[in-house]
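J.: Need the 3D shape of this:
(one chain, ligands or ions: 1)
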Amino acid sequence: MNEKILCGKTLSQQILDTVSDEVENLRVNNQRQPALAVVLVGSDPASQVYVRNKKNACEKVAVKSLEYILPAETNQAELVNLIQQLNADESVDGILVQLPLPAHLDSKLIIDSILPNKDVDGFHRYNMGSLALKDPNICPCTPHGVMYMLDSINLEYHGKHAVILGTSNIVGRPMALELINRGATVTMCNSKTCNVVELIGAADIVIAAIGRPNFVQGAWLKPGCIAIDVGINRLDTGKLCGDIEFTSAFERAQYITPVPGGVGPMTIAMLLKNTLHCYKLNTRKEV
Ligand code: GUN
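T.: Take a look at the predicted model:
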């Protein structure tokens, strides 16, 4: 692949290979197989695709996947009850509740009912707080995957200005914490930010996670910047595109991530790495 393109397929495979080797090592040593429980409430089509992709990835690295598909009408007590059962089950290492949840459920309360050391998403306040205190325990998968991509080009973070578009708990916020922890200067933008084009023009690293197809134009970018596209949008034509207009951005950037095949595969690889990390935390064994 072109040397400008940060290839998520290649980089994620490196992570999956390491996880796969470690799981194989456990098997050879007659140790328990790591297990990930994935909980899906309702039948949102996008969430169904994500959950299927996660299950397939588990199979590839021989991590056991347990699926809990619950009806959309599931109430809070029933969901918390399932999570508490999974918390108590020593054969379950990681618990993932696919978001978004139906509106009648309180996502914060649900996430906080997961045992922090089984929170493979890193969304629990203990894990998010630990990251904020520069003492990470389990890190959210997408930002951690982006850091792996940036580390793959030996990026020096000190003195670099990163501009993040989007302030979600899943991507924007933990992304800012990861970059701050490594010494970058970070600006976060939301949909009301006044001078977003000017800010992007001053950025050494642009990270777009807003779900707006082709929002960032190549002409806005500082020549030689790194453009990281977390967006996955489906156009009316059926084609997938990111939040950054790829063709024009490719001309300006020193490095760029494609969509698909960029950040997406990194998220799944990090989920499996986190599952193995949870296994180690929960079994307290060095493997
Ligand atoms: N919905 C969109 N992204 C994610 C993710 O990374 N984890 C979970 N649990 N739900 C999501």
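
J.: The protein - how does it break down into domains?
T.: Domain ranges of the chain: 31-116, 141-264, per automatic domain parsing.

J.: With respect to Leu272, which of those lies nearest?
T.: domain 31-116 (5.5 Å; Cβ to Cβ). For glycine as for every other residue, the C-beta is placed from the backbone atoms N, C-alpha and C.

J.: and that closest one, is it in reach of the ligand?
T.: Yes. Domain 31-116 is in contact with the ligand by Cβ under 6 Å from any ligand atom, via 96-99.

J.: which SS class is Asn169?
T.: What DSSP: H, G, I helix; E, B strand; the rest coil gives for Asn169 is coil.

J.: State the distance from it to the ligand.
T.: Asn169 sits 10 Å away from the ligand, taking Cβ to the nearest ligand atom, to the nearest Å as the criterion.

J.: and what of Leu66?
T.: Remark: distance between Leu66 and the ligand (Cβ to the nearest ligand atom) = 15 Å.

J.: ok, and the closest non-adjacent residue to that residue?
T.: The shortest distance from Leu66 to any non-neighbouring residue, by Cβ to Cβ, 6 or more residues apart in numbering, is to Ala37 (4.4 Å).

J.: go on, Leu177?
T.: Nearest to Leu177 is Leu131, by Cβ to Cβ, 6+ apart, at 4.8 Å.

J.: and the residue in the stretch 101-250 of the chain positioned nearest to the ligand, how many neighbours does it have?
T.: Per Cβ to the nearest ligand atom, the residue of the stretch 101-250 of the chain with the smallest distance to the ligand is Asp121, at 4.7 Å. When neighbours are defined as other Cβ atoms under 10 Å, Asp121 has 24 of them.

J.: you'd agree it is up against Cys139?
T.: No. Contact criterion Cβ atoms under 8 Å: Asp121 and Cys139 do not qualify, at 9.6 Å.

J.: Can you pull the residues that touch both of these two?
T.: Taking Cβ atoms under 8 Å, 6 or more residues apart in numbering as the contact rule, Asp121 and Cys139 both touch Asn274.

J.: Okay, now the unreliable bits of this structure?
T.: In the predicted model of the chain, residues 1, 285-287 satisfy pLDDT under 70.

J.: Would you point out which residue is most central in it?
T.: Centrality entry for the chain: nearest residue to the mean C-alpha point is Thr142, 1.9 Å, by Cα atoms, centre = their mean.

J.: Where does it sit: helix, strand or coil?
T.: Under three-state DSSP, Thr142 comes out as helix.

J.: That one: what's it in contact with?
T.: For Thr142, the contact set (Cβ under 8 Å, 6+ apart) comprises 170-171, 174-175, 209, 230, 263, 266-267, 270.

J.: element containing Leu109, please.
T.: Using DSSP states H and E, Leu109 sits within helix 107-112.

J.: quick one: the helix or strand just after that helix near the ligand?
T.: As assigned by DSSP H and E, the chain's next helix or strand after helix 107-112 is helix 125-132. No. In terms of Cβ under 6 Å from any ligand atom, no part of helix 125-132 sits within range of the ligand; the closest distance is 12.7 Å.

J.: And the strands in the stretch 1-150 of the chain, which stretches?
T.: 35-41, 64-70, 94-97 (DSSP state E, counting those that start in this stretch).

J.: what's in contact with the first one?
T.: Strand 35-41 is touched from outside by 47-48, 51, 54-55, 58, 63-72, 74, 79, 82-83, 86, 91-98, 101-102, 105, 120, 271-272, 275, with contacts defined as Cβ under 8 Å, 6+ apart.

J.: dump the residue contacts of Gly211.
T.: 166, 231, 233, 243 are the contacts of Gly211 under Cβ under 8 Å, 6+ apart.

J.: what does the stretch 101-250 of the chain put close to the ligand?
T.: 121, 141-142, 170.

J.: For Ala219, grab the count of nearby residues.
T.: By the measure other Cβ under 10 Å, the count of residues near Ala219 is 12.
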